[in-house]
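> below: sequence and its predicted model.
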Amino acid sequence: MQKCVKLVVRCDHHQLGSVRALIETAAKQYDVEGTLYVQRPAHLQIVVAGEKELVDQFIDQLHHALHDGAMSVSLEIEASLKERDYRGVFRIIE
């Protein structure tokens with residue numbers, strides 16, 4: 001079963017690089033597709049799609065990694081419809 005969600009990450013400007021790297025690594029690890037938009041210096045919008053179990057594991061890993069460390073990060077999650085074909089890749093758009 002396929003699942004698509006939208007996530008919004010807000011972090012401090014100096015944490016942006018490590019948060020981006022964490023998201024990119026998790027996307028590769030769980031083989032999900034979608035996009036990461038850097039909307040403002042410390043505001044990221046992520047659309048992720050894939051097999052339900054893999055998307056859930058991706059979200060779980062992000063949630064634990066972003067809230068376990070010394071990071072000051074907020075993570076919002078909402079259901080979404082797959083609006084476009086991501087062609088099996090996860091893209092970072094700035």
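Nice, thanks for sending it over.

> tell me the contacts of Pro41?
Contact analysis of Pro41 by Cβ atoms under 8 Å, 6 or more residues apart in numbering lists His13, Leu16. In this view, the C-beta of every residue, glycine as well, is placed from N, C-alpha and C.

> what do you get for Tyr37?
Residues in contact with Tyr37 (Cβ under 8 Å, 6+ apart) are Leu44, Gln45, Ile46, Ile93.

> redo that, cut-off 10 Å
Residues near Tyr37 by Cβ atoms under 10 Å, 6 or more residues apart in numbering: Val8, His43, Leu44, Gln45, Ile46, Val47, Arg91, Ile92, Ile93, Glu94.

> quick one: which of these is most hemmed in?
For these, the largest number of neighbours (other Cβ atoms under 10 Å) sits with Ile46, at 23 neighbours.

> where along this protein do the helices fall?
Residue ranges of the helices in the chain, as given by DSSP state H, are 16-29, 52-68.
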